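K.L.:
curious how this folds, go ahead:
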Amino acid sequence: MSDLRALDDELLAALDALETLTAQPAFDLTLLSNARYRISRAIMARRKCIDALLRKATAQGGEKAKIARVEHDRSMIVRTRYTAHVGTWTPAAVASDWPGYCAASADLRAVIRAKLAEQKPILYPWLALAP
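P.N.:
Next comes the predicted model:
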C-alpha cells in the first residue's frame, strides 16, 4: 500500500499548484488541464489507500469499525462534491467564466484541505493496519 502521508503531500502540492494557477488573470487550458489531471491522479491514489484502510478497520469490528463507517460516509460527501465540480466546470465552462471557476475552485480546495486535516488524526494511527 502506498504511504498515506506521501499521498497527502502529493495532493496538497497539486492543490497548491492549482491555487497558483487560479491566481493568474488569464485562463490557460494546457496548464489547467495538467493541474486538474495531477489532482485527479492524487485523489484516486489516496482514495484507494483510504478505502483499503477503512475496509481493514471495518473488518476488525468494534469501535474502529464504527469510526471507519462514519469516515467512509463523510468521504463520500467530499467525493460527490469533487465529481460535481469537475462535471460542472468543463473546459468550455472554465473558458467562459474564469473568475467563477477560480472562486469555485478555491471553495473546493478548501473543502479538500479541511478533509485531509480532519482525517489525519483518525487515519494516520491506523496505517499499521493496512496490508
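K.L.:
any idea how far L15 is from the residue of the chain most remote from its centre?
P.N.:
Distance from the centre of the chain peaks at G62, with 27.6 Å (CA atoms, centre = their mean). Applying CB to CB, to the nearest Å, the value for G62 to L15 is 34 Å. No exception for glycine: its C-beta is placed from N, CA and C like everyone else's.
K.L.:
can you give me the helices in the chain?
P.N.:
Using DSSP state H, the helices of the chain run over 4-22, 29-60, 62-88, 91-96, 98-123.
K.L.:
turn those helices into TSV, columns for mean pLDDT.
P.N.:
Shown next, in TSV, are those (pLDDT from 0 to 100):
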stretch	mean pLDDT
helix 4-22	96
helix 29-60	94
helix 62-88	94
helix 91-96	96
helix 98-123	96
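K.L.:
residue contacts, the residue farthest from the centre of the chain?
P.N.:
The contact partners of G62, by CB atoms under 8 Å, 6 or more residues apart in numbering, come to none.
K.L.:
I122: how many residues sit nearby?
P.N.:
Close neighbours of I122, defined as other CB atoms under 10 Å, add up to 16.
K.L.:
repeat that for the one 4 residues further on.
P.N.:
Other residues within reach of W126, judged by other CB under 10 Å, total 19.
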